[in-house]
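Chemist: Give me a 3D structure for the following:
(3 chains)
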Amino acid sequence: MSDTNLSVLYDVPGPRARRRALVGSVVVGLLTLAVLYLIYARLDDQGQFESDRWSPLLDPSDESFQAVWKQLGTGLRNTLVGALVAITLSVAIGIVLGIARVMLGRRSRVPLVAVIEFFRGLPVVVLMYMAYQLLPDLGVNYEPLPGPDAFWWMVVGLVAYNSVIFAEILRAGVNSLPGGQREAGLVIGLTPLQTMRMIQLPQAFRTMLPAIISQMVVVLKDTSLIAFIGGYEELLRKGQFVYLNLKNPLQTLLFVAIIFIAVNFTLSWLANLAQRRMSRRSAGRGINPIHLDPGSAGNTTL
Amino acid sequence: MKTSTLRSTRRLRTAKVAAVVAVGVLALTACGGGSDSDDDGDAEATQATFEAGTTMETLQKAGKITIGTKFDQPGFGLKGLSGEPEGFDVEIAKIIAEGLGIDDDNITWVETPSAVRETKIEDGEVSLVAATYTINDERKKRITFAGPYYEAGQQVMVRSDDSAITGPESFKTNADLKVCSVAGSTPADNISSYLASKSQLTTFDVYSKCADALRNKQVDAVTTDNVILLGLVGDSDGAFKVVGDTFTKEPYGIGVKKGDTAFCQYIVDTLKKASQDGDYEEAWTETAGKVEGSTVPTLPTADACA
Amino acid sequence: MNVITDNLDLFFQGFLKTLGICIICLIGALILGTVIAGFRVSPVAPLRGVGTTYVNLVRNCPLTVVLFFIAFGLPEIGINQSYYVFGCAALIVYTAAFVCEALRSGINAIPAGQAEAARAIGLTFTQNLGSIILPQAFRTAIPPVGSVIIAMFKNSAILGAFGVSGDLLGNAILLTSSRGQDPTAVYLGIGFFFLLITIPAGLILQYLERKAVILR
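Modeler: Next up, the predicted model:
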């Protein structure tokens, strides 16, 4: 929220209000500190600050330090690889699905819409379990694919869900273009497909970019769902191995969380940057970058 | 480091029949480097010859093997910080591989989550699975089990200073004793038949609460699968111990391809030999048996290979 | 398909349990989310700080990690609860951050004149927020908050994956892994039941949206 909008909620504080706000700030600050201290005391009481719980993570001279960070580093790399593969495939398939949905006639797109609604309505973790148990049952064999099977359980689960989301993003992107763009394309003799490919898509795709990057955060977070099944050693799974060995779940998970948060912060920041650039560049043409249409239920992913 | 010393000591055991004099030399060289352990493996390989066309022969010729195990089961199969899995299942699998002349460096470990174990064996992606794999009829339809090599089952855990409870039978003789398990679970069902009255059973939703209740003397015992109990004992800093034998049976077997009776028989024989020369016991004491209060299992009598 | 008819009770029981989790967490997340949103717009700077920190940390952390943290971390400091309680707690803590952001976008959308008018007639910050801004913000926020809630319904499946027994995914894992049932039928079955939650929820949301628009 911008500060101007925020300050609308309360007056520019006068002396009395300022005093009150100050008292409030002090009280809340003290309360926060008190809560933090209580947590600290509890942790300390339970021996959570003993150095053998922390030193493998913090002290480079600890004998496990290198091994631990090598494991977590590999985990992060695997998480990034998984997210990248999943997002690439999702965008590719999403574009095909999205174009199909926009271009097909009202009747012929019914099956497509059904498929989209099906995958959109299911939890990603269930889709991963389906890739893990249902698809092999139907005769799908992951063995020819590179990497462990579990990598593909994860990727298939993620792609099944996110390609559908991207299809919807693309549809919103195409629909947000002024109608004249398409009409102009058709008038100069392009086929509808050519118009889509040469006129509508390039513009729509640009407006989609911020949405794609923010969806990347979602995908990155969702890679950790494979830890429930196991078999692919992404960051959380590696963290699990580490704390099972060191018996320090709280400490190890704290670092896993910090790594995830740092990576996602960077991505969110990139998304914002892309959005700002986008709105600057397209301001004159009335094309605004789109976010997921908040009105269409079920599009949001957390 | 731990696994390598374990490996070299086991090597020593197998070698001691051959030449007692050489033991000292071997002990030195085994720490020296990879080439020596290769020699050792080859020496083994010349000892055992397998009929042509058997799985053993194929694996021996290939000199490498892929084995499925768990990576997140402390004591049985847990991926260590070095990246190599450690545990009882892992050691058992290493004994089997060693008998084929395959040393540890040539074993590829694959994590096999529960639902894919049969599929992985059927597809031949792994030669065998040692992954806290309970033998049951449903699974026997798709694969063959060699073993059991360990009998998991329900046991009773008490406070270390308690000598009144010796096993599940103690609850019938003394109706004041309280036992804890998880609500609605199979272990809670199983213990019920050993109780004098229903009120002896306290149930919580997780075992850690049972452990707390035991520590605070709200209950006198906790019962569930011994594998879980071992973990609780391990976390208790010596406050708890396991007493009595298992009173339910969950036999762990080695999964191999359906109908490969020769391989199955080989595994059974290898494990029998390992139990005679102490390798089996060592595999236990170095891994799951590190937990205080655990007793060394004896190798159960193997089922017929079919 | 016999698997489904034979185990219809398990599917139905799982459906009800999942629905129960959804409703508990819906209420929890809405309450906590509103409180955090209140923090984030409050005139007291430290409260804003707490709110902002909470939202930024939780939103960028996978739900799975939040869940592991709560379920494996809290017992380390002597807090023991069932996985069910831990699971719901994680879902609420996680979703609340998104509810907060959705509400804030709702507050943002209220024309400044509303707040100015309220202030002009002498309402305090609390009165302003409680009587003027929030009632309208809730209405504008229905679509984004609703989407967040539907996403939370789907996220509730991770409780089953985590080992809370008896919900839809938990029962599916039980049927396929322990009882060796045909995975295809089982997963199509629970897929159907999940859609039975998410699709009606989407329709209800659309209905509410339309109603909110008329009311404006």
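Chemist: For the lowest-mean-pLDDT helix or strand in chain C, buried residues please.
Modeler: Counting by mean pLDDT, DSSP states H and E, the weakest-scoring helix or strand in chain C turns out to be helix C:2-6, with a mean of 73. If you call a residue buried by 16 or more other CB atoms under 10 Å in any protein chain shown, then helix C:2-6 has these buried ones: C:3-4. Backbone N, C-alpha and C define where each C-beta goes, glycine included.
Chemist: With stretch B:68-85 instead?
Modeler: Of the residues in stretch B:68-85, those buried under the neighbour-count criterion (16+ other CB under 10 Å) are B:68-81, B:85.
Chemist: restrict those residues to contacts with chain A.
Modeler: Restricting the buried residues of stretch B:68-85 to those near chain A by CB under 8 Å from any CB of the partner chain leaves B:71-72, B:74, B:78-81.
Chemist: Tell me which helix or strand the closest residue to residue A:243 other than its chain neighbours sits in.
Modeler: What sits nearest to residue A:243 in space, not counting adjacent residues and going by CB to CB, 6 or more residues apart in numbering or on different chains, is residue A:252, at 3.9 Å. Assessed by DSSP states H and E, residue A:252 sits inside helix A:249-281.
Chemist: Repeat that for residue C:139.
Modeler: Counting by DSSP H and E, the element that carries residue C:139 is helix C:134-140.
Chemist: can I get the CA coordinates of that helix in PDB?
Modeler: What follows is helix C:134-140 as a C-alpha-only set of coordinates in PDB (Å, rounded to 0.1, in the frame of the first residue of the first chain):
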ATOM      1  CA  LEU C 134     -13.400  -2.800   6.600                       C
ATOM      2  CA  PRO C 135     -17.000  -3.400   5.800                       C
ATOM      3  CA  GLN C 136     -16.400  -2.100   2.300                       C
ATOM      4  CA  ALA C 137     -13.000  -3.600   2.000                       C
ATOM      5  CA  PHE C 138     -14.400  -7.100   2.800                       C
ATOM      6  CA  ARG C 139     -16.800  -6.700   0.000                       C
ATOM      7  CA  THR C 140     -14.100  -5.600  -2.500                       C
END
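Chemist: which helices and strands does it pack with?
Modeler: With contacts defined as 3 or more CB pairs under 8 Å, 6 or more residues apart in numbering or on different chains; DSSP states H and E, the packing partners of helix C:134-140 are helix C:83-109, helix C:183-215.
Chemist: What mean pLDDT does the shortest one get?
Modeler: Predicted confidence along helix C:83-109 averages 89 (mean pLDDT).
Chemist: thinking again about what came up before, in JSON lines: the ones next to chain A among the buried residues of stretch B:68-85, plus distance to residue B:159 and pLDDT.
Modeler: Formatted as JSON lines, the entries for those read as follows, by distance: CB to CB, whole Å; pLDDT from 0 to 100:
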{"residue": "B:71", "distance to residue B:159": "33", "pLDDT": "88"}
{"residue": "B:72", "distance to residue B:159": "29", "pLDDT": "84"}
{"residue": "B:74", "distance to residue B:159": "22", "pLDDT": "81"}
{"residue": "B:78", "distance to residue B:159": "27", "pLDDT": "87"}
{"residue": "B:79", "distance to residue B:159": "33", "pLDDT": "89"}
{"residue": "B:80", "distance to residue B:159": "31", "pLDDT": "87"}
{"residue": "B:81", "distance to residue B:159": "32", "pLDDT": "88"}
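Chemist: Out of those, list just those in strands.
Modeler: Among those, the subset assigned to strands under DSSP state E consists of B:72, B:78-79.
Chemist: now the strands: where do they sit in chain B?
Modeler: In chain order, chain B shows strands spanning B:65-69, B:72-73, B:77-79, B:85-86, B:107-111, B:128-129, B:143-152, B:154-159, B:179-182, B:201-204, B:221-225, B:240-243, B:250-257, with DSSP E as the criterion.
Chemist: what does the stretch 101-250 of chain A put close to chain C?
Modeler: Applying CB under 8 Å from any CB, one finds that the stretch 101-250 of chain A approaches chain C through A:117-118, A:121-126, A:129-130, A:133-134, A:136-138, A:217, A:220-225, A:227-229, A:236, A:239-240, A:243, A:249-250.
Chemist: out of these, which are buried?
Modeler: Among these, those classed as buried by neighbour count (16+ other CB under 10 Å) are A:117, A:121-126, A:129-130, A:133-134, A:136-137, A:217, A:220-225, A:227-229, A:236, A:239-240, A:243, A:249-250.
Chemist: ok, back up a step: mind checking what helix or strand follows the least confident helix or strand of chain C in sequence?
Modeler: Scanning forward in sequence from helix C:2-6, with DSSP H and E defining helices and strands, the next element found is helix C:8-40.
Chemist: What residues does the residue nearest to residue A:243 make contact with?
Modeler: With CB atoms under 8 Å, 6 or more residues apart in numbering or on different chains as the criterion, the residues that contact residue A:252 are A:57, A:239, A:242-243, A:246.
Chemist: hmm, back to that, greatest separation within the buried residues of stretch B:68-85: which pair is it?
Modeler: Looking at the buried residues of stretch B:68-85 by CB to CB, the two members farthest from one another are B:68 and B:81, with 21.4 Å of separation.
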